[in-house]
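S.K.: sequence and predicted structure below; questions after.
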Amino acid sequence: MISMSSLTFSSSASPAGTVIGTLTSYFGTKPTASAVISVPGIFYLDPSAAGLFAVRGSSIITAETVPVGVYSLHVYASSYYMPLTGDGWFQITVTS
């Protein structure tokens, strides 16, 4: 499972390289469950990012200035230390 810390940002604060949110991969079913363990890993996007978004470490960043709108991102994760993979769809909203 993957979670993202923020899903909305302003287009006026979105030049290339702006951090939109931080990604976390989890072993378990809910990030709020007490038995869930955060797992370090590698994150990457599928082509649905359309060149507007990118991954830097565990952050989703803007790859260029992003116009106002709603964008779907499909994020994948692979764990460093255990055979764990996961993915998640996130809806990013860019406001004016």
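M.R.: Okay, I see it. Numbers count the residues shown, from 1 in each chain.
S.K.: put the alpha carbons of the strand or helix carrying Gln91 into CSV.
M.R.: Here Gln91 sits within strand 85-95, counting by DSSP states H and E. C-alpha atoms of strand 85-95 as CSV (Å, rounded to 0.1, in the frame of the first residue of the first chain):
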residue,chain,number,x,y,z
THR,A,85,5.7,-4.3,-4.2
GLY,A,86,2.6,-2.1,-4.4
ASP,A,87,0.9,0.6,-6.3
GLY,A,88,-1.6,3.3,-5.8
TRP,A,89,-3.7,5.8,-7.8
PHE,A,90,-3.8,9.4,-6.6
GLN,A,91,-5.9,12.3,-7.8
ILE,A,92,-3.9,15.5,-7.7
THR,A,93,-5.9,18.8,-7.7
VAL,A,94,-4.2,21.9,-8.9
THR,A,95,-6.0,25.1,-7.9
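S.K.: what pairs with that strand, parallel or antiparallel?
M.R.: strand 8-10 (parallel), strand 69-79 (antiparallel) (DSSP bridges).
S.K.: residues contacting stretch 55-62, please?
M.R.: If you take CB atoms under 8 Å, 6 or more residues apart in numbering as the criterion, stretch 55-62 is touched by 4, 14-24, 43-45, 52-54, 73, 75, 90, 92. Every residue, glycine included, has its C-beta placed from N, CA and C.
S.K.: got TSV for the strands paired with strand 85-95, with distance to Thr85, mean pLDDT and mean neighbour count too?
M.R.: Putting the strands paired with strand 85-95 into TSV (distance: least, CB to CB, whole Å; pLDDT from 0 to 100; neighbours: other CB atoms under 10 Å) gives the following:
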stretch	distance to Thr85	mean pLDDT	mean neighbour count
strand 8-10	27	88	14
strand 69-79	5	89	16
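S.K.: no further questions, thank you.
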